[in-house]
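*Asks:* What would the 3D arrangement of this be:
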Amino acid sequence: VPGDSGRPPRYDVLMRYAQGGGLTPQEQERRERLRMDAAEHFARGEKTGAIARELRVTERSVRRWRHAWERGGADALRSAGPVSTERLGPGQWERLERELERGPLAHGWSDESQGWTLTRVKLLIGRMFHTGYTVQGVWKLLRRHGWSAQVPVRRALERDDEEIEVWKAQVWPQVKQPRRTWAPTSASRTRRGRG
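*Replies:* Below is the predicted model:
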């Protein structure tokens, strides 16, 4: 989510996941074919649940597509336009990925705890391939190839797990506030009966 300045947030670590976050041109074409298939089902008057099962998509997607189809026909389900073309070829991407896996320390950044940031990846791409990307463009590129932003878990160097367990078992029960019990009370006033 972009920050107040409209720029993308800073990410401390990039992690590789099996499924990509962005749409490749091939994936965009496949999604458009699904929407066109859905339009044929809509024209036959088929129900949302049946279409979702047939196309193996969520009912929510089918409802969204149906709404667009009702407003603008099949043309409303066509892709808005081509996704941005990657400036890196497949071989260059493989090289970049190998370098990302080596870590920022291997590329001269001494603060290993900070990990890869979008700015660092942008600089690495520029150094390796003499190709300019914006920080936002780097984020889209990485998402398209299945990388995700992760904030690393930082642990204190002085951390002693055994001491922590002793504190949880012996000290915490003595210092925590007792739970308040709830008992129903009458909130209404009572009146003396007429007599």
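*Asks:* CA atoms for contacts and neighbours, from now on please.
*Replies:* Will do.
*Asks:* Show me what stretch 31-43 is in contact with.
*Replies:* 51, 55, 62, 65-66, 69, 73-74, 77-79 (CA atoms under 8 Å, 6 or more residues apart in numbering).
*Asks:* Going by neighbour count, which of the residues you listed are buried?
*Replies:* 51, 62, 65-66, 69, 73-74, 77 (16 or more other CA atoms under 10 Å).
*Asks:* can the residues you listed go into JSON lines with extra columns for secondary structure, pLDDT and distance to Arg98?
*Replies:* Output for the buried ones among the contacts of stretch 31-43, formatted as JSON lines (DSSP: H, G, I helix; E, B strand; the rest coil; pLDDT from 0 to 100; distance: CA to CA, whole Å):
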{"residue": "Ile51", "secondary structure": "helix", "pLDDT": "94", "distance to Arg98": "42"}
{"residue": "Val62", "secondary structure": "helix", "pLDDT": "93", "distance to Arg98": "39"}
{"residue": "Trp65", "secondary structure": "helix", "pLDDT": "92", "distance to Arg98": "39"}
{"residue": "Arg66", "secondary structure": "helix", "pLDDT": "93", "distance to Arg98": "43"}
{"residue": "Trp69", "secondary structure": "helix", "pLDDT": "92", "distance to Arg98": "44"}
{"residue": "Gly73", "secondary structure": "coil", "pLDDT": "90", "distance to Arg98": "46"}
{"residue": "Ala74", "secondary structure": "helix", "pLDDT": "88", "distance to Arg98": "43"}
{"residue": "Leu77", "secondary structure": "helix", "pLDDT": "86", "distance to Arg98": "38"}
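*Asks:* Reformat the contacts of stretch 31-43 as a markdown table; add distance to Trp167.
*Replies:* Converted to a markdown table, these look like this (distance: CA to CA, whole Å):
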| residue | distance to Trp167 |
| --- | --- |
| Ile51 | 57 |
| Leu55 | 55 |
| Val62 | 53 |
| Trp65 | 56 |
| Arg66 | 58 |
| Trp69 | 62 |
| Gly73 | 65 |
| Ala74 | 64 |
| Leu77 | 60 |
| Arg78 | 61 |
| Ser79 | 58 |
